[in-house]
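Q: Following is a predicted model, sequence given first.
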Amino acid sequence: MSDLRELYQEVILDHHKKPRNFRRLEGARHVEGYNPLCGDRITVYLKLRDGTIEDISFQGSGCAISTASASMMTQSLKGKTLADAEALFKSFHELITGQARGPEETADLGKLEVFSGVREFPVRVKCATLAWHTFHAALEGKEEPVSTEEGHE
Amino acid sequence: MSIRPATRRPRNVQATPAAAFDVEKVREDFPILRQKVHGKPLVYLDNAATSQKPQAVIDAIQRFYAQENSNVHRGVHWLSELATLDYEDARVKVQRFLNAAESREIIFVRGATEAINLVAHSYGRKHVQPGDEILISTMEHHSNIVPWQILCEEKGAVLRVVPINDRGELLMEEYEKLLGPRTRLVAVVHVSNALGTVNPVRKIIELAHRRNVPVLVDGAQAVSHVPVDVRELDCDFYALSGHKIFGPTGIGVLYGKARLLEKMPPYQGGGDMISSVTFEKTTYNVLPHKFEAGTPNISGVIGLGAAVDYLGKIGFAATMPHEQDLLAYATEAVSEVPGVRLIGTAREKAGVLSFVMDGVHPHDMGTILDREGVAIRTGHHCCQPVMDRFGVPATARASLALYNNREDIGALVRGLYKVKEVFG
């Protein structure tokens, strides 16, 4: 049970039930992300200004991990420079895959630390990173939907 | 922490299975069931994905490699003769299992997917013309959709889909309407892997045959649950996978009526499927070898033969009442968990319990159940059109086999209460 509690922390369950920044952003660039394994489908909306994330939001449906991750990602990224956002994604990925480096090399994850429990559940890493990969694709100006895999089931 | 155990006996369910079937004795035949997962006894409820293997199948494969390994159909030496005999003997076992008229109607392939692809590629390409129609149903597995889409795209033909009702049953009157003068083939699943629906294939075939339309039945999910008699069904093709009937992976069967198979062009070229080759002209081998190019999956075939023997020894007369009893028990027990909704409530069902839970994604259910040692499947089960039909992105699916017992269902239900506890 302890590792389940680690995975499904109160903060994560709260963001799952009440996702933040869960709306359409009119006139923003957006990309759809899809995880065929669980059927999760989200759209990330992104507004940039002078190399900074002016606004970011998402919509869609997914499991608790992917919804909470998307919700908390939007909170963490708002107002960040693109370089900071990239560094945060890298650190987040390292956190959930259990490759975390020393604190001096890692961007400050802040609240995102609650996702550390994911590393005990390797099959759920894709759930936690779906929003981030989708954000990344939006950043690169991609328009095609992003998939976590090529149709395995 | 309080987990409500499912000790109360559901209504309308007999206290003990009707037939003389000792599930505990059967469980001993499956070594994997002695395994622990996350420190808990394994509760394997993902049988629609693949079934576990009895010791008899594991032994047959081991014996082949340890004592008989050689190639089939071409050696003059003793080992090759032995392997060929066992390989062809397994074909006869499968023939009897399906009650096919002749063993040459049994083509060994990689699985049901390849069986369907073989028919689409060989029969379909020969007989389907622009404007023709292939008729499938909403509840098909992707393996019985995509090969036909590829064929239709190539030929300029049209894929037509028979709708289903809210219980997950085929709308037979719609089916009759869709059977038209341009219908060249009906391809339909016998038992749905996503919903558990048992389709009225006998009736489906009869209606198609009245219009001289041949029917392919995808039996991947059916053959471990219900006896299949291809002559009684009068199906033209029947596809199955060995690994879903307690045999090894990588081996499956296409049954086809000899008169159809004989007229069909080869599916793949290579060794064993020819009788003579010159650079000017190649003469193809007779059935079934025409469709078995290259060295086949010999150990797989022998393992499948052992699986069919195993199933035959226990008998559907014993397994069916047990499985029906267990499905009724599980249906009631799972339905009683607050917030759970069943997806697929057909009147004729076999082996599958698909469900969703309010406010909890199936993937989260799957993770929490796994920590309890309970293996279920979550996702779209390769049936995305079914998920769309029911307006869900995914379901949780518990699927049964002859070795599952009421303790397994109890563990599933306790796990579902744990899901509710985690999600508050």
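A: Yep, that arrived. Computed from a predicted model, the values in this text were never measured in an experiment.

Q: I figured B:Glu348 hits B:Val201, correct?
A: No: using Cβ atoms under 8 Å, B:Glu348 is not in contact with B:Val201, being 10.8 Å away. Backbone N, C-alpha and C define where each C-beta goes, glycine included.

Q: The two: which has the busier surroundings?
A: The neighbour comparison of B:Glu348 against B:Val201 (other Cβ atoms under 10 Å in any protein chain shown) goes to B:Val201, with 24 against 12.

Q: ok, so what distance separates that one from chain A?
A: As judged by Cβ to the nearest Cβ, to the nearest Å, B:Val201 and chain A stand 25 Å apart.

Q: before we move on, what about B:Arg371?
A: On the measure of Cβ to the nearest Cβ, B:Arg371 and chain A end up 6 Å apart.

Q: and the gap between that residue and A:Ser2?
A: Using Cβ to Cβ, to the nearest Å, B:Arg371 is found at 10 Å from A:Ser2.

Q: More neighbours: which of those two?
A: B:Arg371 (20 against 8).

Q: Hmm, A:Glu6 and that one touching each other?
A: No: using Cβ under 8 Å, B:Arg371 is not in contact with A:Glu6; the gap is 11.2 Å.

Q: which sections of chain A are below the confidence cut-off?
A: A:1, A:100, A:102-106, A:149-153 (pLDDT under 70).

Q: Alongside chain B, which residues does it contribute?
A: Contact residues, chain A versus chain B (Cβ under 8 Å from any Cβ of the partner chain): A:1, A:3-5, A:7-8, A:13, A:17, A:36-41, A:61-65, A:121, A:123-124, A:127, A:153.

Q: Show me just the buried residues among those residues.
A: With burial judged by 16 or more other Cβ atoms under 10 Å in any protein chain shown, the buried subset of the residues of chain A next to chain B is A:4, A:7-8, A:13, A:36-41, A:62-65, A:121, A:124, A:127, A:153.

Q: Give me the contact list for the helix or strand harbouring B:Val301.
A: Per DSSP states H and E, B:Val301 falls inside helix B:298-314. Helix B:298-314 is contacted by residues B:21, B:26, B:29, B:53-54, B:56-57, B:59-61, B:64-65, B:69, B:71-72, B:83, B:86-87, B:89-91, B:93-94, B:97, B:108, B:224, B:242, B:245-251, B:253, B:319, B:402 when judged by Cβ atoms under 8 Å, 6 or more residues apart in numbering or on different chains.

Q: ok, now stretch B:131-138?
A: B:124, B:128, B:144-145, B:148, B:151-152, B:155-164, B:170, B:175, B:178-180, B:182-189, B:199, B:213, B:385-386, B:389.

Q: gap between B:Thr331 and B:Asn404?
A: B:Thr331 is 13 Å from B:Asn404, by Cβ to Cβ.

Q: Then A:Lys142?
A: In terms of Cβ to Cβ, A:Lys142 sits 46 Å off from B:Asn404.

Q: neighbour count winner among these two?
A: B:Asn404 (26 against 13).

Q: Now for that one: which residues touch it?
A: B:Asn404 neighbours (Cβ under 8 Å, 6+ apart): B:23, B:44-45, B:47, B:326.

Q: contacting residues for B:Gln221?
A: B:48, B:189-193, B:244, B:350-352.

Q: ok, 7 Å please
A: Neighbouring residues of B:Gln221 by Cβ atoms under 7 Å, 6 or more residues apart in numbering or on different chains: B:48, B:190-193, B:244.

Q: which element is it on?
A: Going by DSSP H and E, B:Gln221 is not in any helix or strand.

Q: Would you mark the buried spots in stretch A:39-49?
A: Buried, per 16+ other Cβ under 10 Å, within stretch A:39-49: A:39-47.

Q: Other residues contacting that stretch?
A: By Cβ under 7 Å, 6+ apart, the surrounding residues in contact with stretch A:39-49 are A:24-25, A:28-34, A:53-63, A:66, A:70, A:127, A:130-131, A:134-135, A:138-139, B:379-380, B:387, B:393-394.
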